[in-house]
Every structure is written in structure tokens, then in C-alpha cells.
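*Asks:* give me the fold of what follows.
(one chain, ligands or ions: 1)
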Amino acid sequence: MFHTTLFTPAHEALREEVSAFLEAEILPHHAAWAAAGAIPREAWHMAGRAGLLCRTLPREMGGHGGSFLESVVIIEELARLRISGLLTCLQSDIVAPFLHRLGTRAQQQAWLPGFASGAVLGAVALSEPQGGSDLAGLRTTATRHGEGLVLDGRKAHISNGSQADLMIVAARRPGAGGEKAISLVLVEAERPGVTRRAIPKSAMPALNTAEIDLDGCLVPAANLLGAEGTGFLYLMTFLGMERLVLAIYAQASSERILRELIGDCDARALLEHQNTRFSLADLYADCAVNRAYLDGCIRAADAGRPDPKAACVAKLRTTNTLRQAAALGVQFRGAAGISGASGQRATQDMLDSAVQSIWGGTSEVMRDVIGRSLGSVL
Ligand SMILES: Cc1cc2nc3c(=O)[nH]c(=O)nc-3n(C[C@H](O)[C@H](O)[C@H](O)COP(=O)(O)OP(=O)(O)OC[C@H]3O[C@@H](n4cnc5c(N)ncnc54)[C@H](O)[C@@H]3O)c2cc1C
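*Replies:* Model (predicted):
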């Protein structure tokens, strides 16, 4: 819909392959998975075999040794086809990079090939019930105990949380406040002291989200990911990439809604109304400008120079536009926006769009990060 110079013919060939796989193997089952609130493990294996997992991971670690642009193609196709359950980008571009960048050789060898094949499902467990926005205030503790660490606390709203084999848990040294007391710890799901409950939700229902209790859960000290006490620093770095991934998903979702809405309004002669044309023109303009800004962020990340603040701007803008697009998707269809198949799609779009400005840092947190940096832009 919008001109972009990001992709080569090889990327477009990958796009064809990815969309053919998703349309044939995933879409037909997605509604049933949404009703069940989870994706069967076999779907992750299939995604691995089809090459959707860990495109950027080096081949010797089980990945494809590809560029970030290959990940972008996959994220865009997931959004274009409204796939919100089998979000391979969570595994490939958000969870796996923690192990790739911070893991010891032993940790990488133990887990990354499985991440790439779909045999292992990973999760990042940061948020807690008292509030996910205040990461520096997280309460889960990791207490030294002989040669190990004992974890205690509760994590909330963790994607793939009740299905993951491995969780990257953020926890603090007990009795120590502040950011420098936070570490990242690998927790295998079958460890004693781990209890998980799926959280039913109306938005993105096929995506499993869970509450995770850690109750005296003992792990070896070798499960520390990166240096002890540097977890918060790592999180700030990795959250930048997560926000870029979520902005790409949001932008592709907006473009899909806009394309469908223009088609529907045209078919029903609604474009004859000036108000409809003006509203869609505003949406088109927002999408076009967001696309250009996002492409700049993607290009920088692909060149190995990701910009965390720019990712906040991209996430804030693309998710805001997505919410507006989803609201128009209901309003401009009239009663059909809330009834029948088109209404089900449009109302689900509204619910799903709400997630985008919450997870990975809310829009308010994005504004806070951008706002705090303003003194340095003069
Ligand atoms: C579908 C889904 C999947 C998720 N997956 C994961 C996951 O895999 N791993 C994980 O760790 N977390 C995950 N989360 C949690 C997500 O990161 C949090 O929901 C998010 O960070 C917000 O935290 P909260 O929901 O506790 O809201 P709160 O932090 O309680 O915020 C409530 C409201 O207060 C506002 N607010 C809070 N602090 C401030 C502030 N300082 N300034 C201005 N306004 C503020 C917020 O913007 C928000 O509007 C997921 C969430 C969802 C919905």
C-alpha cells in the first residue's frame, strides 16, 4: 500500500513462502486455537520446519543466519493475516536474542537449537501483578543458596507462559532496592516450585498468557543469564528491540485495516461522503508517515544500530494509529461493524489493537521515556 525500499526480490519470495504456509497450515485452525486460548505444540514445530523461527540466529546455533529484514517480512505477514496466537516473532526476535546475546556457550547450546526448531518454547517473565510498568520496582527475589539461587514471587500476563519450556525471569537480590539489584535467571518450567495458570482474555485470545508463581524454586547459579545485578541494564537494551518488533506488527495491522476499510467503503459508495473520505485520508496520511519513520528504524536496526528511543516513538505512533483505524473499522460499517462475520472481525480488531498500546510498555510509558530524553535533544 505504501512505497518502501526496504525489501529485495529475495525478501518478497520469502514473503510468498511465509504467507502460503500461514494460509494453508495456520489460518484454518486459528479460530479453534483462540477458543482454546493456546496453540498446540505441533504448530510451533511446523513453524520451525517452515523456516519462520529465529531467522537472524547464526546457523551454528540452529538459526538461518539471516538479516533482521527477514524477521520483518514474517512479522508483517503474521499481522496481515490477523495471526495473534502463533506469534513466532515473540520467540525469534524477543526471547531468543536474550540467550544469543547474553548466554554462555553452554546455555546457547542447550536451548537455541530448540528455539529455532520449535522444540523449545521460551518466555520472558518481567511483569508482576502490582504493575508491569514499574520494572525497576519488581518484587520477585533471587536468593543465593549454596551453589544455587532460590526464586520467590509472582509474574503476570506472560506470553506463552503456561506452555513455555524455559522462562527468562527478572528477579532482585532480597532486601536490595533499585535497578542494580536486578538479575535475569533462566527457569526451566518443570522445576519444583513453578506453578502456572493461563489467564483467559478477550484480546488476542489465541495467544496463551499466564500467571507464574515461583515458590522456593531452586535453580543452579549457572542459570544466571548475563552478569548478576545487570539485568535492568540488559532489559532496557532488549526492550528497544521488542518495541520495534511490536511497532512493525502494529503498522502492518493498521495497513490491513485501512486497505479493507477503503475496499468496503468503496463497495458501499460511502466514499461519496466527504466525512468518510476525510477520515480515511487522515488515516492514510498517518499510516504513510508512520511507515516512513518505521522504515528508518528498521533500516538502522538491520545495520546493527537500533535506536531504543526511536523505537518508543515508532511504537507510540503506530499503536495510536492502529487504535484509530480499528475504531473506524467498526464505525464505518454501521451495524455490520458489530454483527455477523464482518462485525466479529472488526470488534476483535478493536480488542487486539488495545493490546498493542499496553504490552512491551504502555503508551504512557513510551511518552515518559521520550519526554525524559527531551532535555538532551537541544
Ligand atoms: C497480551 C499481553 C501479553 C503480555 N506478555 C508479556 C510477557 O511476555 N512478558 C512480560 O513480562 N509482560 C507481558 N505483558 C505485560 C505487559 O508488559 C504489561 O501489561 C504492561 O507493561 C503494563 O503493565 P500493567 O498491565 O501491569 O499496567 P500498569 O503498569 O499497572 O499500568 C496501568 C496504567 O497506569 C499507567 N501508568 C503506569 N505507570 C505509569 C507512569 N509512570 N506514568 C504514566 N502512566 C503510568 C499505564 O500506562 C497504564 O495505563 C503482556 C501483556 C499483555 C496484555
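
*Asks:* and the gap between the residue in the chain that the ligand sits nearest to and A125?
*Replies:* Across the chain, the shortest distance to the ligand (C-beta to the nearest ligand atom) belongs to G132, at 2.6 Å. Every residue, glycine included, has its C-beta placed from N, CA and C. With distances taken as C-beta to C-beta, to the nearest Å, G132 is found 11 Å from A125.

*Asks:* next: G114.
*Replies:* Distance, G114 to A125, by C-beta to C-beta: 18 Å.

*Asks:* the more surrounded of those two?
*Replies:* A125 (28 against 17; other C-beta atoms under 10 Å).

*Asks:* confidence score at that one?
*Replies:* If you check A125, the pLDDT there is 98.

*Asks:* likewise S376?
*Replies:* At S376, the pLDDT value in this model is 82.

*Asks:* that's a strand at it, yeah?
*Replies:* No - looking at S376 with DSSP: H, G, I helix; E, B strand; the rest coil, it is helix, so not inside a strand.

*Asks:* that one: how many residues sit nearby?
*Replies:* Here the number of neighbours of S376 (other C-beta under 10 Å) works out to 7.

*Asks:* flag every residue of this structure that's near the ligand.
*Replies:* In this structure, the chain approaches the ligand at residues 123-127, 131-133, 157-159, 204, 207, 209, 355, 358-359, 361-362, 364-365, 368, judged by C-beta under 6 Å from any ligand atom.

*Asks:* among the residues you listed, which lie within strands?
*Replies:* Judged by DSSP state E, strands contain the following of those: A123, V124, A125, H157, I158, S159, T209.

*Asks:* in these, find the pair that's most separated.
*Replies:* Spanning the widest gap among these are V124 and T209, at 12.3 Å by C-beta to C-beta.

*Asks:* okay, and the common contacts of the two?
*Replies:* Listed as contacting both V124 and T209 by C-beta atoms under 8 Å, 6 or more residues apart in numbering are I158, S159.

*Asks:* what's stretch 150-159 in contact with?
*Replies:* Residues contacting stretch 150-159 (C-beta under 8 Å, 6+ apart): 87, 90, 123-129, 132, 138-143, 161, 164, 167, 169, 171, 185, 187, 193, 199, 207-219, 359.

*Asks:* buried subset of those?
*Replies:* Among the contacts of stretch 150-159, those scoring as buried are 87, 90, 123-128, 132, 138, 140-143, 161, 164, 167, 169, 171, 185, 187, 207-212, 214, 217-219, 359 (criterion: 16 or more other C-beta atoms under 10 Å).

*Asks:* low-confidence ranges in the stretch 51-200 of the chain?
*Replies:* The stretch 51-200 of the chain contains no residues with pLDDT under 70.

*Asks:* that one: helices as residue ranges?
*Replies:* Using DSSP state H, counting those that start in this stretch, the helices of the stretch 51-200 of the chain run over 68-80, 88-89, 96-102, 105-117.

*Asks:* looking at those helices, which is buried most?
*Replies:* Across the helices of the stretch 51-200 of the chain, the average number of neighbours (mean count of other C-beta atoms under 10 Å) peaks for helix 88-89, which reaches a mean of 25.

*Asks:* element containing D213?
*Replies:* Element membership of D213, judged by DSSP states H and E, is strand 209-220.

*Asks:* quick one: list the elements packing against that strand.
*Replies:* strand 148-159, strand 166-172, strand 182-188, strand 194-198 (3 or more C-beta pairs under 8 Å, 6 or more residues apart in numbering; DSSP states H and E).

*Asks:* any idea which helix or strand carries the residue nearest to A335 when sequence neighbours are not counted?
*Replies:* Nearest residue to A335, sequence neighbours excluded (C-beta to C-beta, 6 or more residues apart in numbering): G343, at 7.6 Å. According to DSSP H and E, G343 maps onto helix 340-356.

*Asks:* so for that helix, what gets flagged as buried?
*Replies:* Within helix 340-356, the residues scored as buried using 16+ other C-beta under 10 Å are 342-343, 345-350, 352-356.

*Asks:* next one: stretch 168-188
*Replies:* Result for stretch 168-188 [16+ other C-beta under 10 Å]: buried residues 168-173, 179, 181-187.

*Asks:* C-alpha coordinates for it, PDB please?
*Replies:* Extracted C-alpha coordinates of stretch 168-188, given in PDB (Å, rounded to 0.1, in the frame of the first residue of the first chain):
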ATOM      1  CA  ILE A 168      13.800 -15.800  31.500                       C
ATOM      2  CA  VAL A 169      12.800 -14.400  34.900                       C
ATOM      3  CA  ALA A 170      13.700 -10.900  36.200                       C
ATOM      4  CA  ALA A 171      14.300 -11.000  39.900                       C
ATOM      5  CA  ARG A 172      16.100  -8.900  42.500                       C
ATOM      6  CA  ARG A 173      18.500  -9.600  45.400                       C
ATOM      7  CA  PRO A 174      16.400  -9.800  48.500                       C
ATOM      8  CA  GLY A 175      16.400  -6.700  50.700                       C
ATOM      9  CA  ALA A 176      18.100  -4.600  48.000                       C
ATOM     10  CA  GLY A 177      16.100  -1.900  46.200                       C
ATOM     11  CA  GLY A 178      16.800  -0.200  42.900                       C
ATOM     12  CA  GLU A 179      17.800  -1.300  39.400                       C
ATOM     13  CA  LYS A 180      21.300  -2.600  40.200                       C
ATOM     14  CA  ALA A 181      19.800  -5.500  42.300                       C
ATOM     15  CA  ILE A 182      18.000  -7.000  39.300                       C
ATOM     16  CA  SER A 183      19.300 -10.100  37.500                       C
ATOM     17  CA  LEU A 184      18.000 -12.300  34.800                       C
ATOM     18  CA  VAL A 185      17.600 -16.000  35.600                       C
ATOM     19  CA  LEU A 186      16.700 -19.000  33.400                       C
ATOM     20  CA  VAL A 187      14.000 -21.100  34.900                       C
ATOM     21  CA  GLU A 188      13.000 -24.400  33.400                       C
END
